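Engineer: what's the 3D shape of this:
(chains A and B)
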Number of protein chains: 2
Amino acid sequence: MNAPDKFSQLMRLTREPLPASRKIYVPGTQADIRVPMREIMQSNGEAVRVYDTSGPYTDPSAEIDVRQGLPLVRSRWIEARGDAEAYPGRTPFALDDGLKHGESETLAALRLQAAGLQRTPRRAKAGANVSQMHYARRGIITPEMEYVAIRENQQQAWMEPYQGNAEREARLAGNSFGASIPKVMTPEFVRDEVARGRAIIPGNINHPEVEPMAIGRNFLVKINANIGNSAVTSSIEEEVEKLVWSMRWGADTVMDLSTGRNIHTTRDWILRNSPVPIGTVPIYQALEKVGGIAEDLTWEIFRDTLIEQAEQGVDYFTVHAGVRLAFIQLTAQRMTGIVSRGGSIMAKWCIAHHQENFIYSHFDEMTEILKAYDVSYSLGDGLRPGSGADANDEAQFAELRTLGELTQKAWQQDVQVMIEGPGHVPLHMVQANMTEQLQHCHEAPFYTLGPLTTDIAPGYDHITSGIGAAMIGWFGTAMLCYVTPKEHLGLPDRDDVKVGIITYKIAAHVADVAKGHPGVRARDDALSKARFEFRWMDQFNLSLDPDTARNFHDETLPKDSSKVAHFCSMCGPKFCSMKISQEVRDYAKAEGVSDTQALSAGMQAKSQEFRQRGGEIYIPVKAVP
Amino acid sequence: MNAPDKFSQLMRLTREPLPASRKIYVPGTQADIRVPMREIMQSNGEAVRVYDTSGPYTDPSAEIDVRQGLPLVRSRWIEARGDAEAYPGRTPFALDDGLKHGESETLAALRLQAAGLQRTPRRAKAGANVSQMHYARRGIITPEMEYVAIRENQQQAWMEPYQGNAEREARLAGNSFGASIPKVMTPEFVRDEVARGRAIIPGNINHPEVEPMAIGRNFLVKINANIGNSAVTSSIEEEVEKLVWSMRWGADTVMDLSTGRNIHTTRDWILRNSPVPIGTVPIYQALEKVGGIAEDLTWEIFRDTLIEQAEQGVDYFTVHAGVRLAFIQLTAQRMTGIVSRGGSIMAKWCIAHHQENFIYSHFDEMTEILKAYDVSYSLGDGLRPGSGADANDEAQFAELRTLGELTQKAWQQDVQVMIEGPGHVPLHMVQANMTEQLQHCHEAPFYTLGPLTTDIAPGYDHITSGIGAAMIGWFGTAMLCYVTPKEHLGLPDRDDVKVGIITYKIAAHVADVAKGHPGVRARDDALSKARFEFRWMDQFNLSLDPDTARNFHDETLPKDSSKVAHFCSMCGPKFCSMKISQEVRDYAKAEGVSDTQALSAGMQAKSQEFRQRGGEIYIPVKAVP
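Structural biologist: Okay, here's the model as predicted:
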């Protein structure tokens, strides 16, 4: 494929708004705080507002040129704080893109494509600290914090009609396992959570395109999607559309797990076009720089890679600092050894050198780098279990306790931290993961991969893990890393990414409902109401995936008339229970009595009339062949 | 389509054994007890034995003619008991197939097709009771009970190699919430469970084709798949292949929810070709007999339908006896009213007549019919919640308590009972369903539909409900009724049925593992071991859906050589953590030390050697383009 073709392909980014949806912007206290939300308009005139991760891509009025990048939402805020400065930045190398010296032509072409995306990096002035945690601890409410508060509230006004039933609300009251979720999110609450380390707002000062969001136990449960090229397949162009595609369906953050060639440039494209925080695993690129030989890694190469990526704007780094030399022997009797890529690289390095993990031993120095850009830590669980058999073993928990120690070290420098968790965990052992994490990691946000609750269903691991994810989200996990149907088998394609994300949106929402997050059940209620009232299009439009819902309905009843039918293909007109329920209610209304009255008192007298009216009481609809 | 075409289509039943699998029969104490299992052969010579619901269809040596029906597994046992007799049976009507008098030609053609499937019905002799519960309570261990015991054990011998690690087994010990699961299932244990009502063995004496199975809290969690034609689409032929297809992927029982025309004949085809118990909702057919007018239903028509279906061999009946007149008003303030088809039919009848539900008021008489054939009750939850908002409300629990009373009435006549449960229930409210059921229904097996843990994902309700199903299965639910991706939207096709079943096999297995069912984790371990050892084909073959696992792998790495590759497309060769883990172990072995020794003591000295051997330590495999 030649270059122009690739560009034209790129311009085919998915940009249509979701059905019946429009983008609205909720204003904050200053003009440039404009918090995006998605408003879904129902056929009955009621609007439903939902959290919107899709960025400017779903705003038809936004002009987007992927070669120039997105608008800089946060630039003015960052500049106004006056504690950062532009500087020339690190000199780029061909090796950053995995290229050799003889490939300068390839490199030149690559860099030319990304020319419009080059920015002068910024970092904290000498002695300054630009982390959100640092501001929070000094009592400063940043625009980012206010943005998050507005965003988390989802404009609760629309939810009120669904919450008018006191008996229902009491019956459905959630159980948050000791979380402290307020009725209304205030900027001050957000500040306090960040100050305590109980939430993070990932946002590198070199990623001003980010629409701020928070990850923490007392906020809505978030999900992460992984993208990335690989040594074996995929291209840069695919990855940028995967980003847009992932955000469209609900990814709150995206990790770029690229390896192989062109990773530096891929990251420029992704960061400059991403309104969601981007995470990476810097050791992957460092390993490329040493030709894939783990033993040849050094702190200096790793450090250089951290700075390279921090200057580009990566928002959080997964670092496997907890894979300590002494823990590696604990994996020897495991069913599946070490299954984290980063964990196994560090384990190999430790054994080859018989030295302590250099990421662990340089932790404070690394933290100094992160605070200069406000990169958040995602402390990786390099020793997470790769099979149910290895769940909750000493290797896993020894590392977790180390991550707790490192959390406190990071917090000493006001650097934001979240903790990564498993992995493969049988259902009855899921809760212990959350309990141990809360105990040892001081309520730093937990960020888990599933967990997968059984090993016997490759091809369906979005489901085996979605079960565990819903559960651990309920217990208090702040962000769930998605798993696609291709897990263990191959690289996810576009459809796999979507299925993985929708599955995880389900898990996150199920957890939010179970925790009793204020108003969050209102979307369930709106959809159920639409379902009961046979507002088919509303039912589709309110769902997590309107396209699939509508397509599935079309497969059996493709006629437009069936979209207003008061029955569906499952039961047909005669057997529709919702229809019968409604007839009973309609009857009661027509008789001028309340439902309850009609159905309890005086039914004897009315039964005769009801029968007379019966026989053909179905609301006539166009016949469906 | 003309008749011969339909027959040839029928003969294309899915009959290939699953990959690397062969059917074995484990003998019991008498020659005609031959319990089928599926043996999966691995490339390392180890065999894995799994529970097999697929019936003779996956046995290449079985000769199957769907026009004649399956071999009669249980006939000799039933006859030997000497307490039943053949009798002419009820005279069939055109109306049984939803046909009118003018359609005698259609009827004749229909009956001709099914001619080879007509059997003389049997029923209990006067004063006798042929239920498994009746035998159990008199201390008799039937061949059915012995069969179940052998089947549930799954030949545990093969599992032992995976359970040799005492630390691991202690760490993974399940939590069964007070269930009483024995280490080894004995026929006496099965008898005792059936006698207590804590398990049922559904098996109408007119369905001798059944391979006996048990549903109960102390047995493996079972799943049910629904099939059935409908007024809107589908044909008889499709339904028989759907049965075979459902059992292939793991359906333990199948419910025939047909409505509309040809239902009597459809049932003949299904029953005579089904080795799994078949359940129905007789009110559906009764409603057809009165032209779809719920108000015109009578006990006599319903009773006639029960006998019609009992003579054909239906193994369990869903009856909505708990939808009492007084409870209907409790649904008036609900978000989604009554969503059970049977429940809404009975509610409509009750209101129209202002009389108590005739199924409730004739319960004992109905029980007498069931005991004459050993039909089990599945006491329907006609008032189950149809949205999260309605979960665990008074309507639902009032009915549940009534089902508990009816359970005791059924048990007075030694008739087997299970209890149906919801529905739509937020995650944090799932456990209360099980607790209430255990308390009010005296440990009669619970049989739930999901529950769906959120309402916002039509198109993905196999997942919203799979989450709830895994959880309620763990808490003690004995059978999970599947939900397909088409739930709420349309009729499931072949692929939907498969996805629904695999999702529910996952949920059931996750629950079994969490409960600590003996040996059940061994399949996880075998698959994880295969994964760690890069035995790709074994990994696929041990999975719940080998075809999908292999196809997904092929999409990225289609070459056969990649099936022996010591890496996969996700990470590529350089980043494979399992590979690195193995290298560390291989190294240790080559040096003649144990893994633990190599990794703890003396590593300093060895690190130099390790580096020297390094550089290119990847096992060479054919290059993948």
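
Engineer: partners of the residue of the stretch 1-150 of chain A found nearest chain B in the sheet?
Structural biologist: Residue of the stretch 1-150 of chain A nearest chain B, by Cβ to the nearest Cβ: residue A:50 (9.5 Å). In short, each C-beta sits where N, CA and C put it, glycine included. Note on residue A:50: beta-bridge partners by DSSP bridges are residue A:38.

Engineer: Next, count neighbours for it.
Structural biologist: Close neighbours of residue A:50, defined as other Cβ atoms under 10 Å in any protein chain shown, add up to 21.

Engineer: what's around the residue of the stretch 501-625 of chain A at minimum distance from chain B, how many residues?
Structural biologist: In the stretch 501-625 of chain A, the residue that lies nearest chain B is residue A:581 (2.9 Å; Cβ to the nearest Cβ). Residue A:581 is flanked by 24 other residues according to other Cβ under 10 Å.

Engineer: ditto for residue A:85
Structural biologist: Using other Cβ under 10 Å, residue A:85 has 12 neighbouring residues.

Engineer: and what of residue A:388?
Structural biologist: The local packing of residue A:388 (other Cβ under 10 Å) involves 31 other residues.

Engineer: what do you get for the one 3 residues further on?
Structural biologist: Counted with other Cβ under 10 Å, the burial measure for residue A:391 works out to 27 neighbours.

Engineer: Also the one 5 residues further on?
Structural biologist: Using other Cβ under 10 Å as the criterion, residue A:396 is surrounded by 26 other residues.

Engineer: which element is it on?
Structural biologist: Element membership of residue A:396, judged by DSSP states H and E, is helix A:394-412.

Engineer: Over to residue A:123. Which of the three states is it?
Structural biologist: strand (DSSP: H, G, I helix; E, B strand; the rest coil).

Engineer: quick one, what contacts whatever residue of the stretch 201-350 of chain A ends up closest to chain B?
Structural biologist: Nearest to chain B, among the residues of the stretch 201-350 of chain A, is residue A:337, at 2.9 Å (Cβ to the nearest Cβ). Shown in contact with residue A:337 (Cβ atoms under 8 Å, 6 or more residues apart in numbering or on different chains): A:331, A:344, A:386, B:532, B:577-578, B:581-582, B:584-585.

Engineer: 10 Å instead?
Structural biologist: Going by Cβ atoms under 10 Å, 6 or more residues apart in numbering or on different chains, residue A:337 touches A:328, A:331, A:343-344, A:347, A:383, A:386-387, A:390, A:395, B:532, B:577-585, B:595.

Engineer: Just the pLDDT for it.
Structural biologist: With respect to pLDDT, residue A:337 scores 93.

Engineer: Is it in a helix, a strand, or coil?
Structural biologist: Taken by three-state DSSP, the conformation at residue A:337 corresponds to coil.

Engineer: if we can go back for a sec, for residue B:345, see how far away the residue of the stretch 501-625 of chain A closest to chain B is.
Structural biologist: Counting by Cβ to Cβ, to the nearest Å, the separation of residue A:581 from residue B:345 is 11 Å.

Engineer: Need the overlap of contacts for the two.
Structural biologist: With Cβ under 10 Å, 6+ apart as the test, residue A:581 and residue B:345 both reach residue B:338.

Engineer: the strands in the stretch 151-300 of chain A, which residues?
Structural biologist: A:199-200, A:215-216, A:222-227, A:253-256, A:278-280 (DSSP state E, counting those that start in this stretch).

Engineer: Would you mind finding the most buried of the ones you listed?
Structural biologist: Highest mean neighbour count of the strands of the stretch 151-300 of chain A: strand A:199-200, a mean of 30 (counted as mean count of other Cβ atoms under 10 Å in any protein chain shown).

Engineer: what comes into contact with that one?
Structural biologist: Applying Cβ under 10 Å, 6+ apart, the external contacts of strand A:199-200 come out as A:131-133, A:136, A:145, A:148, A:189-194, A:213-219, A:277, A:315-316, A:374, A:376-378, A:415-418, A:443-445, A:447, A:478-479.

Engineer: distance of residue A:97 from residue A:288?
Structural biologist: From residue A:97 to residue A:288 the distance is 9 Å (Cβ to Cβ).

Engineer: Pull up the gap between residue A:385 and chain B, please.
Structural biologist: Residue A:385 is 10 Å from chain B, where distance means Cβ to the nearest Cβ, to the nearest Å.
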